[in-house]
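>>> test case, fold it:
(one chain, ligands or ions: 2)
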Amino acid sequence: MSDAASPTPVPPVKTLPDAQSVTQVTHWTDRLFSFRVTRPQSLRFRSGEFVMIGLMGENGKPLLRAYSIASPNWDEELEFYSIKVPDGPLTSKLQHIEVGDEIILRPKPVGTLVHDALLPGKRVWFLATGTGIAPFASLMRDPETYEKFEQVVMMHTCRTVDELEYGRKLVEDLQNDPLIGEMVEGKLLYYPTTTREDFHHKGRITDNLTSGKVFEDLGIPPMNPAEDRAMVCGSLAFNVDVKAVLEGFGLREGANSEPLEYVVEKAFVGDGI
Ligand code: FAD
Ligand code: A2P
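Numbering: from 1, shown residues only. Ligands and ions are numbered 1, 2, ... in the order given. Below is the predicted model:
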C-alpha cells in the first residue's frame, strides 16, 4: 500500500479564537459551579489575577466577562468558579458547558489582589463573600503565600451553608495535599460564616471584625497595621463596608504601583453600577 492510501491523522481544529477546552465541570448549587480548562502554554499570571473569558455570542461576536483565575499559577490547567445568573448574557449559557466544549480566554491577566501590592507583614487576611473567594482559591494554593506570611486567615461569608462548600472542600484538599499540605498546616486559618442559615459560625465579616469575635475565636490579636495585611473581594457594598473597617484598624489601601496594607477588587459589577 502506498502512503497516499493511509490518511494522516488531523489534530482537532479549534473553532474559536483564543479557544480553550473544558476538562472538568462541577455544579455546587443551582447558583454556583466551577470548571477547569486547558491552559495556553504562553499564559503567565500572578495568583489572584483575573482574565476575560466567554463564549461566542449569537451575533458572531465574543461575549466576554471578567473572571478571577481560581487555580494557582503553578497549575497545568486553569480553574474558574462561577455564578449562574438566570438571565445573565454569559452565565445563562456558560452554566451548560460540558467536558470537551470550548470557551474563549483572552490571555491578558490583570488585577490588584496580588502579593506585589502588599507590604511584607506577619499575617494576611483574605476577606470574601460569594464568588469573591475565587482569587483566594488561587492565592491559598500558592506556596508564595505561606513563604511571605506566618498566618493566612480565610474569612468567607455566604447566605447559606451549601454556598460555602466549594471553599470548604478546597481548604480540606489543601490540608491533605502531599506537596503543599505541610506548608499550610497550622498557618491557614479558615473562618467560614453564614448570614441566613444556622452554622457553627455566623455573621457578616464586617460584624465579626468590628466585634472582635473572629480574633477571639482564632486566638489572634486585633488587626493592626504593623502585622496585618488584607485582600478583599466581594460585592461593591461589601467592599465599601470592609474598607471602612480596615481603615478603622489603621490599614491603608495599596496598589500594584504603591504596595501598602490592603487591596480590594470587585467580585462583580452590580446592577446599575
Ligand atoms: P452580567 O450581565 O455580567 O451580570 C448580571 C447581574 O448579575 C449583575 O448586575 C450582578 O447583579 C449579578 N452578578 C454578576 N456576577 C455575579 C457574581 N459573581 N456573584 C453574584 N452576582 C453576580 N463572576 C464569577 O462568577 N466568578 C468570578 O471569578 C468573577 N470574577 C470577576 C472579576 C472581576 C474583576 C469582575 C469585575 C467581575 C467578576 N465576575 C466574576 C463577574 C463576571 O464578570 C460576570 O458579571 C458574571 O459572570 C455574570 O455574567 P453574565 O453575563 O451572566 O451577567
Ligand atoms: P447578608 O445575608 O446579611 O446580606 P449576597 O448574596 O447578597 O451577595 O451576599 C453574600 C454575603 O455577603 C451574605 O452573607 C451577605 O450578608 C454578605 N454581605 C452583603 N453585603 C454586605 C456588606 N455590605 N457588608 C458585609 N457583608 C455583606
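>>> any idea how far residue 130 is from residue 238?
As for residue 238, its distance to residue 130 is 9 Å (criterion: Cβ to Cβ, to the nearest Å). For every residue, glycine as well, the C-beta is placed using N, CA and C.
>>> now residue 168, what's its secondary structure?
helix (DSSP: H, G, I helix; E, B strand; the rest coil).
>>> ok, it - contacts?
190, 192 (Cβ atoms under 8 Å, 6 or more residues apart in numbering).
>>> got a pLDDT number for it?
If you check residue 168, the pLDDT there is 98.
>>> what residues does the stretch 1-150 of the chain put near ligand 1?
By the rule Cβ under 6 Å from any ligand atom, the part of the stretch 1-150 of the chain lying against ligand 1 is 50, 65-68, 81-83, 85, 88-92, 130-131, 134.
>>> repeat that with 8 Å
50, 63, 65-68, 70, 80-85, 87-92, 94, 111, 130-132, 134-135 (Cβ under 8 Å from any ligand atom).
>>> so which of those are in strands?
50, 63, 65-68, 80-83 (DSSP state E).
>>> of these, closest to residue 193?
Of all those, residue 81 has the smallest distance to residue 193: 18.4 Å, by Cβ to Cβ.
>>> residues touching the closest one, list them.
Neighbours of residue 81 in contact, by Cβ under 8 Å, 6+ apart: 32-34, 68, 70, 131, 133-134, 137, 166.
>>> residue 42 contacts residue 109, doesn't it?
No. Taking contacts as Cβ atoms under 8 Å, residue 42 lies outside contact range of residue 109: 11.5 Å.
>>> these two - which one has more neighbours?
Neighbours around residue 42 and residue 109, counted as other Cβ atoms under 10 Å, are more numerous at residue 109. The numbers are 18 against 6.
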